[in-house]
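Peer 1: need coordinates for the below:
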Amino acid sequence: MANRQKGETGFDALGQTWTLRYGTNALCEIEDLFGRSALDVARDFEDEATVRIRSIRDFFLCGLKDHHPDVDAAKAGEIIDALGLDQVGPKIGEALALAFPSPEDTHAPGKPLNPATTGETGAR
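Peer 2: Alright, predicted model coming up:
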């Protein structure tokens, strides 16, 4: 089950529940794969006329690997086909928004304060 506080979003496809998350390792893998920042690559998806489907699949795959390490590019493509290409972009966007919350989201009631903004170190 996806945990939004950990930056995870879930969806169902191919008779299974999947979890998409862009944590540090996924973002580093994207940067290594594309040779640019992950957010810069994600901005490419905004232009439907020039976006490459392979780029979407590879970006999507990087977000799946945290919870589904055995998924390869071919399986990611099958998941995209089952989910629908029109649904993949919004899912990627949702997972990225959770990975990079806005400042007002980080101080919402019920969410822990970010130690970097409170001066706390987390050590006790």
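Peer 1: now the strands for the chain?
Peer 2: For the chain, the strands defined by DSSP state E occupy 8-13, 16-21.
Peer 1: can you add mean pLDDT, distance to Leu61 and mean neighbour count and give those back as a markdown table?
Peer 2: (Glycine included, C-beta is placed from N, CA and C.) Shown next, in a markdown table, are these (pLDDT from 0 to 100; distance: least, CB to CB, whole Å; neighbours: other CB atoms under 10 Å):
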| stretch | mean pLDDT | distance to Leu61 | mean neighbour count |
| --- | --- | --- | --- |
| strand 8-13 | 95 | 14 | 18 |
| strand 16-21 | 97 | 10 | 18 |
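Peer 1: Throw those strands into TSV and include distance to Ile53, thanks.
Peer 2: As requested, those are exported to TSV (distance: least, CB to CB, whole Å):
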stretch	distance to Ile53
strand 8-13	17
strand 16-21	17
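Peer 1: so which of these is nearest Asp81?
Peer 2: Asp81 sits nearest to strand 8-13 of all the strands of the chain, at 8.7 Å, using CB to CB.
Peer 1: direction included, what does that closest one pair up with?
Peer 2: strand 16-21 (antiparallel) (DSSP bridges).
Peer 1: so where is the protein shaky, pLDDT-wise?
Peer 2: The model of the chain has pLDDT under 70 over residues 104-124.
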